[in-house]
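Colleague: Model the following, please.
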Amino acid sequence: MLGRKPFKPAWWLRNPHLQTVYARYLGRRRSIKTRKEIFDLADGDFLDLRWAGGDVGPIILILHGLEGSVESHYAKGMLRAAAKQGWRGVLAHFRTCGEDPSRLPRAYHSGDTQDFAELVRSLKASEPNTPIIAVGYSMGASVLLKWLGETADENLLDAAVAVSVPFELEKVTENIGSVLSGKYEQYFLKPLKRKIIDIVKRHDLPFSLEEVFALKTLREYDDLITAPLHGFDSAQDYYDQCSSRHNLNKISVPTLIIHSKDDPFMTHDIVPTMDEVSLNVDLEIYDRGGHVGFVSGWNPLRPKYWLEHRIPHFINLQLQDLKRPFRVA
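Modeller: Alright, predicted model coming up:
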């Protein structure tokens, strides 16, 4: 089965940028029917949840990347894969990333674990005997790993998967600004600014519209917006506190980390070694794969999205170990 084999990039997609953008722009247009749920948070704001699959079965909780959503190719792919296995998939939009504007004057960031923790506690309280496994991509993977390390032995998840993780936020932020003349950086920065402009118009904030319009880099965004909105002294303070790399040795639940050395968003030196992770972590590092790419297959007309096989295979193994009812594909 494809899920049991190491990743081999498609011969026609060996460039890391092509791996990164193929599934989003050139791959097949895949749809998945979802059910919307508004999950109200304790502070008065909310999360936009999108469910796929049936009404019973293990819950696969998906965290998207920076400016991602249920429309992201990897989110659709994982929701489809979960439903196919007979599981329930649920994509949790970070604040401001769903259909409706947030209620409070704040956004989200790569170390924003509080909302995710609240959601997991609620799900576990509602269904204490149901397996809950989280899958995080990129920024969502950063949030997931940070929280796994913070909670250690008190974590409520049964297993976790993290894909294309920005283990060191400062290095990744700087690198994104230098790759392809900053095109990736502007791809993320433009929608972030649009959302903040909307928040500024609705709330009294410690920065002006003119300052938001003037932002040119993600680091400037983190200094002006991320830090003051979320209780950090500066962008540097945010990067230091929220990078997930120093939490990896505290993880207590079975966790699979999938990462590519040629990820154009990352630098080679942010990849952790086996000595840095706990014995509960499987670290799969590949030479190629891009950023949340991992497209394989010999026929360009029939690409294989390897993550959609590898991740369910790992999840099935964990469900077997739990000795709870589940469906084997």
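Colleague: isn't residue 30 right up against residue 76?
Modeller: Yes - the pair formed by residue 30 and residue 76 meets the contact definition of Cβ atoms under 8 Å, at 5.2 Å. In this view, the C-beta of every residue, glycine as well, is placed from N, C-alpha and C.
Colleague: okay, the two: which has more neighbours?
Modeller: A side-by-side neighbour count of residue 30 and residue 76, using other Cβ atoms under 10 Å, places residue 76 first with 22 against 13.
Colleague: mind checking which helix or strand that one is in?
Modeller: Using DSSP states H and E, residue 76 falls within helix 73-85.
Colleague: Only alpha carbons, please: show that helix as CSV.
Modeller: Extracted C-alpha coordinates of helix 73-85, given in CSV (Å, rounded to 0.1, in the frame of the first residue of the first chain):
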residue,chain,number,x,y,z
HIS,A,73,-6.2,21.4,-0.9
TYR,A,74,-4.7,19.5,2.0
ALA,A,75,-7.8,20.1,4.2
LYS,A,76,-10.1,18.8,1.5
GLY,A,77,-7.9,15.9,0.9
MET,A,78,-7.7,14.9,4.6
LEU,A,79,-11.5,15.4,5.1
ARG,A,80,-12.1,13.1,2.2
ALA,A,81,-9.6,10.5,3.4
ALA,A,82,-11.1,10.5,6.9
ALA,A,83,-14.7,10.1,5.5
LYS,A,84,-13.5,7.3,3.3
GLN,A,85,-12.1,5.4,6.3
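Colleague: Who are the packing partners of the host helix or strand of residue 241?
Modeller: For residue 241, the host element (DSSP H and E) is helix 235-242. Under the contact definition 3 or more Cβ pairs under 8 Å, 6 or more residues apart in numbering; DSSP states H and E, helix 235-242 sits against helix 169-178, helix 227-229.
Colleague: Just put those helices in CSV and tack on mean neighbour count and distance to residue 57.
Modeller: Formatted as CSV, the helices and strands packed on helix 235-242 follow (neighbours: other Cβ atoms under 10 Å; distance: least, Cβ to Cβ, whole Å):
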stretch, mean neighbour count, distance to residue 57
helix 169-178, 20, 35
helix 227-229, 18, 37
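Colleague: Turn the ones you listed into CSV, columns for mean pLDDT.
Modeller: Shown next, in CSV, are these (pLDDT from 0 to 100):
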stretch, mean pLDDT
helix 169-178, 96
helix 227-229, 95
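Colleague: Show me where the stretch 201-329 of the chain has its helices.
Modeller: 209-213, 218-221, 227-229, 235-242, 307-322 (DSSP state H, counting those that start in this stretch).
Colleague: between the ones you listed, which one is nearest to residue 60?
Modeller: Smallest distance to residue 60 across these (Cβ to Cβ): 6.9 Å, for helix 307-322.
Colleague: now the angle from the helix holding residue 241 to helix 169-178?
Modeller: 120 degrees (axes from the mean of the first three to the mean of the last three Cα atoms, to 10 degrees).
Colleague: quick one: contacts of helix 235-242?
Modeller: Residues from elsewhere that reach helix 235-242 (Cβ atoms under 8 Å, 6 or more residues apart in numbering): 109-111, 142, 146, 168-170, 173, 219, 222-223, 226-227, 230, 232.
Colleague: Try it again at 10 Å.
Modeller: Helix 235-242 is contacted from outside by 109-113, 142-143, 146, 168-174, 217-227, 230-234, 246, using Cβ atoms under 10 Å, 6 or more residues apart in numbering.
Colleague: Give me the buried subset of the residues you listed.
Modeller: 109-113, 142-143, 146, 168-174, 217-219, 221-227, 230, 232 (16 or more other Cβ atoms under 10 Å).
Colleague: and the helix holding residue 76, what does it pack onto?
Modeller: Judged by 3 or more Cβ pairs under 10 Å, 6 or more residues apart in numbering; DSSP states H and E, the packing partners of helix 73-85 are strand 46-52, strand 59-63, strand 88-92, strand 132-137, strand 159-163, strand 304-305, helix 307-322.
Colleague: mind running it again at 8 Å?
Modeller: Here helix 73-85 touches strand 46-52, strand 59-63, strand 88-92, strand 132-137, helix 307-322, going by 3+ Cβ pairs under 8 Å, 6+ apart.
Colleague: Out of the helices of the stretch 201-329 of the chain, the one nearest residue 280 is which?
Modeller: That would be, of these and by Cβ to Cβ, helix 307-322, which comes in at 11.0 Å.
Colleague: Run the chain-centre distance for the closest one.
Modeller: How far helix 307-322 lies from its chain's middle: 18 Å, per Cα atoms, centre = their mean, to the nearest Å.
Colleague: how big is the angle separating that helix from helix 73-85?
Modeller: Using the same axes, to 10 degrees: helix 307-322 against helix 73-85 is 50 degrees.
Colleague: hang on, residue 197 is in a strand, isn't it?
Modeller: No - counting by DSSP: H, G, I helix; E, B strand; the rest coil, residue 197 is located in no strand; its state is helix.
Colleague: how far away is it from residue 9?
Modeller: Using Cβ to Cβ, to the nearest Å, residue 197 is found at 39 Å from residue 9.
Colleague: Good, we can wrap up now.
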